[in-house]
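> Take a look and give me a structure for this.
(one chain, ligands or ions: 1)
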Amino acid sequence: MKRLMLCAVTASAIFTAATAAERQYTLTLTPQEDSHVISRMIYGQFAEHLGACIYEGIWVGEDSDIPNTNGYRNDALEALRELAVPVLRWPGGCFADDYHWRDGIGARDTRPTLINNNWGGTKEDNSFGTHEFFNLCEMLGIEPYLSVNVGSGTVAEAAEWIEYITAPNGPRADERAANGRKEPWKLKYVGIGNESWGCGGEMRPEYYSDVYRRYNVYMRNQPGNRLYRIASGASDYNFNWTETLMKQIEPHRMDGISLHYYTVSDWGHKGSATDFTDDVYYTTVGKALEIEPVIEHHREILDKYDPQGKVGLLVDEWGTWFDEEPGSTPGHLLQQNTMRDAIVAALTLNIFNRQADRVRMANIAQLANVLQTMWITDGDKLFTTPTYHVFRMYRPHMDARYIPVMLETEFIRDANGRDVPTLSATASQASDGSATITLVNPTLDIREQIDIPLPDGIPSRIASAHILTAPDARSKNTFESPDAVKTEQFKDAKIKSGKLNLTIPPLSIVSVTLSND
Ligand code: AHR
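The predicted structure follows:
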């Protein structure tokens, strides 16, 4: 019996994928004035002191031969600008609970060189610290998201860090000024610990809740700077962690609670980033899609303790996690990125758009050279990944009003019994009236024709249309072929009799923006 099958939603018909090379669907847009706005923060990034993410991936130092501006590599700055990155989480991850911020301030040649105990025992020279992070964010208009050390730090250390960054005057402000920065920086998002159930201190949820409450008291708002406080949340299916925190911290002491969810190839098995079978392609996509029921279950718990919806669910680590690149430094989590990663990213972003009334931030792991990365570097060379192109394509959804969509799709059952829909869609309308519809065809061999009747209030002129596709799920960019997978103009979109009609190939992401001008 074939393990891959295509079955109608109603389960009335079952086809093998090979017998169904072309399908036709209708997508219904149902704009609602009171539907949620998709916060741009769900298109956030995460940069940890891990492998070559910060060092080489972003920061090369002012004396480097690699073209840079104030120590930040120019090609990375350009990519950050292209993505319009809204928020950047730093310095970890597991690293955050080992990080003592005073090691990363003052003249660089006086900063201590330490060992990164979490990630490969690599040297950490602390040349990228508080000033380097906040100046980068300020230069690019990115919201900084700081993760403070709870696991091995002290309450006083965390409180002083917040003061050093945000106080307009006082001893910590004087210290900051002596280090070259008179004005305080703006800081909104603060995570109180990271994975406190694991690398962040192996705490029990009851204990962590009390620890959180203590940190929360002393991490003070400064004049003109109100902190958005984020509790270190659960991973995957640890619903008890969320329940205990909601009950014992209580919603009035937090603005957000985090959630981590990583996509591996198969049950508990990471697998190769580039060398996988078609079956494994579908099990990876199936695992990625399971983030939605996981989010829904955590949401139900939030609803129980916070029916007003004050507390945001922040998916501040997500993405694919495969085996490290063969030959790379162990513990640096360098992984290649293929069209499979692009499909995972797009399907996940569609889910975040849908859930964005409670999911108020998300941060893909990680920005450079680590896990589901936006770019990979080698010395002065840099190429962007298929996932980078997805984030570029989704920019029109940032801060746009979500348009609910209805779609009767079919499913491919993966080898683990999860159902992968043959089509996924998301839509939103920006404040200027333009509407963007993004479709994902995750199948390996089905061409799809989609009819989208355009309701009142949705413009009927195609302003732009793009596609990201590749001949194979294993297709990737490399230093030799940096543009093997990249967005192209999409030609198979037309408007006829009040309908947008698209024909999209297998393994593709298509985005169409409609406008009146
Ligand atoms: O992103 C890599 C690691 O994954 C992070 O440091 C940690 O929080 C998670 O376990």
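> For L289, give me its contacts.
By CB atoms under 8 Å, 6 or more residues apart in numbering, the residues touching L289 are 347, 351, 418, 420-421. Every residue, glycine included, has its C-beta placed from N, CA and C.
> Can you tell me the closest non-neighbouring residue to Y237?
Excluding the flanking residues, the one nearest Y237 by CB to CB, 6 or more residues apart in numbering is V294, at 6.5 Å.
> for I58, same thing?
A76 (5.0 Å).
> so what's the one you found up against?
Per CB under 8 Å, 6+ apart, neighbours of A76: 57-58, 368, 375, 377, 382.
> Helix or strand: which one has the residue nearest to Y237?
V294 is part of helix 291-305, with elements assigned from DSSP states H and E.
> Just give the number of residues close to the closest residue to W267 other than its chain neighbours.
Once flanking residues are discounted, W267 sits nearest to N416: 6.5 Å by CB to CB, 6+ apart. Burial of N416 is recorded as 14 neighbouring residues (other CB atoms under 10 Å).
> In contact with N416, which residues?
Taking CB under 8 Å, 6+ apart as the criterion, N416 is in contact with 266-267, 283, 286-287.
> same deal with G153?
Counting by CB under 8 Å, 6+ apart, G153 has contacts 97, 99-100.
> show me the contacts for D97.
Applying CB under 8 Å, 6+ apart, we find D97 in contact with 149-153, 193-194, 196, 199-201.
> ok, it to the ligand distance?
Separation of D97 from the ligand (CB to the nearest ligand atom, to the nearest Å) stands at 9 Å.
> returning to that earlier point: can you pick out the most distant pair from the contacts of A76?
Farthest pair in the contacts of A76 (CB to CB) is I58 and L382. Separation: 10.7 Å.
> more crowded one of these two?
Shown here are I58 and L382; by other CB under 10 Å, I58 has more neighbours (28 against 22).
> Tell me, how many residues neighbour the residue of the chain found nearest the ligand?
When distances are taken as CB to the nearest ligand atom, the chain reaches nearest to the ligand at G93, 2.7 Å away. Neighbourhood size, G93 [other CB under 10 Å]: 29.
> Equivalent analysis for D456, please.
With other CB under 10 Å as criterion, D456 counts 5.
> same thing with E488?
Residues lying near E488 (other CB under 10 Å) number 10.
> how about it, what does it touch?
By CB under 8 Å, 6+ apart, the neighbours of E488 are 466-469.
> Could you pick out the residues of the stretch 51-200 of the chain near the ligand for me?
92-94, 194-195 (CB under 6 Å from any ligand atom).
> now the residues you listed as JSON lines including pLDDT and distance to D316?
Formatted as JSON lines, these follow (pLDDT from 0 to 100; distance: CB to CB, whole Å):
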{"residue": "G92", "pLDDT": "97", "distance to D316": "11"}
{"residue": "G93", "pLDDT": "97", "distance to D316": "10"}
{"residue": "C94", "pLDDT": "98", "distance to D316": "13"}
{"residue": "N194", "pLDDT": "98", "distance to D316": "8"}
{"residue": "E195", "pLDDT": "98", "distance to D316": "10"}
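> Now the residue nearest the centre of the chain: which helix or strand?
The residue lying closest to the centre of the chain (CA atoms, centre = their mean) is I364, at 2.5 Å. Using DSSP H and E, I364 falls within strand 359-365.
> and the helix or strand that comes right after that strand, what does it pack onto?
Moving toward the C-terminus from strand 359-365, the next helix or strand (DSSP H and E) is strand 375-378. Packing partners of strand 375-378 (3 or more CB pairs under 8 Å, 6 or more residues apart in numbering; DSSP states H and E): helix 74-83, strand 381-384.
> now the ones you listed as CSV including mean pLDDT?
Formatted as CSV, these follow (pLDDT from 0 to 100):
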stretch, mean pLDDT
helix 74-83, 98
strand 381-384, 98
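> In TSV, list the ones you listed along with distance to I450.
Listed next are the helices and strands packed on strand 375-378 as TSV, based on distance: least, CB to CB, whole Å:
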stretch	distance to I450
helix 74-83	27
strand 381-384	28
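> for the ones you listed, which one sits closest to L514?
Taking these one by one with CB to CB, helix 74-83 is closest: 22.9 Å.
> The helix or strand following that closest one pairs with which strands, and in what direction?
With elements assigned by DSSP H and E, the helix or strand that comes after helix 74-83 is strand 87-90. Sheet pairing of strand 87-90 (DSSP bridges) gives strand 44-46 (parallel), strand 143-148 (parallel).
> Show the subsequent helix or strand relative to strand 87-90.
Downstream of strand 87-90, the next assigned helix or strand under DSSP H and E is strand 114-116.
> Distance from the chain centre to that following strand, please.
Put simply, strand 114-116 sits 27 Å off its chain's centre (CA atoms, centre = their mean, to the nearest Å).
> Can you name the element that comes right after that strand?
strand 122-124.
> The contacts of N416 into a markdown table, with extra columns for neighbour count?
As requested, these are exported to a markdown table (neighbours: other CB atoms under 10 Å):
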| residue | neighbour count |
| --- | --- |
| D266 | 17 |
| W267 | 9 |
| T283 | 26 |
| G286 | 21 |
| K287 | 21 |
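> Need the max-distance pair from those residues.
W267 and G286 (10.5 Å).
> and the stretch 251-400 of the chain, which of its residues are near the ligand?
Residues of the stretch 251-400 of the chain found near the ligand (CB under 6 Å from any ligand atom) are 317, 365-366, 371.
> Kindly indicate which of these lies nearest N70.
Distance to N70, by CB to CB, is smallest for Q366 among those, at 22.0 Å.
> that older thread, which of the residues of the stretch 251-400 of the chain next to the ligand has the largest number of neighbours?
Using other CB under 10 Å as the neighbour criterion, L371 leads these with 28 neighbours.
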